[in-house]
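1. Predicted coordinates and the sequence they were generated for:
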Amino acid sequence: MNYQKVLSRIESQELSPELAYKELYNKKEPKPGKRATFIKLSVKVPNEGKGLNTFLRILFALPIPLIFARIGLRIAGRFTTFDEENEVDLNEIMKFIKYSKGTRIKVDAKDALVDIKVI
């Protein structure tokens, strides 16, 4: 709607400012991103020998199809318990992964370096 018409309706007291705001700035549902098909993992353990890092590089050499990643998350959800402070909804994570093509997540911990790319 034209902002001048809305302002004139506010001036004549046909609309309240809150309703006028809703009319001008209609919040639309955000469109989901592009649909992802694969996940590429890279895991490096800094304090271990070359053997373990080579094994992990070979294990995750090919991208993992998204359907296997979702199955893995469902299985992990059965064995994982969440406390009230850090409650994570695995369905939201699966939905995020499904529509997040081009996302890259890097985790830098003391134990390992993990790089996740959603393709």
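-> Cool, the structure landed. Residues are numbered from 1 along each chain as shown.
2. Tell me the helix or strand right after the longest helix along the chain.
-> Counting by DSSP state H, the longest helix found in the chain is helix 66-79. Sequence order places helix 90-98 as the next helix or strand after helix 66-79, per DSSP states H and E.
3. list the helices and strands that following helix packs on?
-> With contacts defined as 3 or more CB pairs under 8 Å, 6 or more residues apart in numbering; DSSP states H and E, the packing partners of helix 90-98 are helix 66-79. Placement of C-beta: from N, CA and C, glycine included.
4. what pLDDT, on average, does the helix it packs on get?
-> Averaging pLDDT along helix 66-79 yields 85.
5. buried residues in it?
-> 66, 69, 70, 77 (16 or more other CB atoms under 10 Å).
6. how about stretch 42-49: buried residues?
-> residue 43.
7. An error on my part: the question was meant for stretch 32-41.
-> By 16+ other CB under 10 Å, the buried positions in stretch 32-41 come out as 36, 39, 41.
8. Using a markdown table, lay out those together with secondary structure and distance to residue 51.
-> Shown next, in a markdown table, are the buried residues of stretch 32-41 (DSSP: H, G, I helix; E, B strand; the rest coil; distance: CB to CB, whole Å):
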| residue | secondary structure | distance to residue 51 |
| --- | --- | --- |
| 36 | coil | 32 |
| 39 | strand | 25 |
| 41 | strand | 18 |
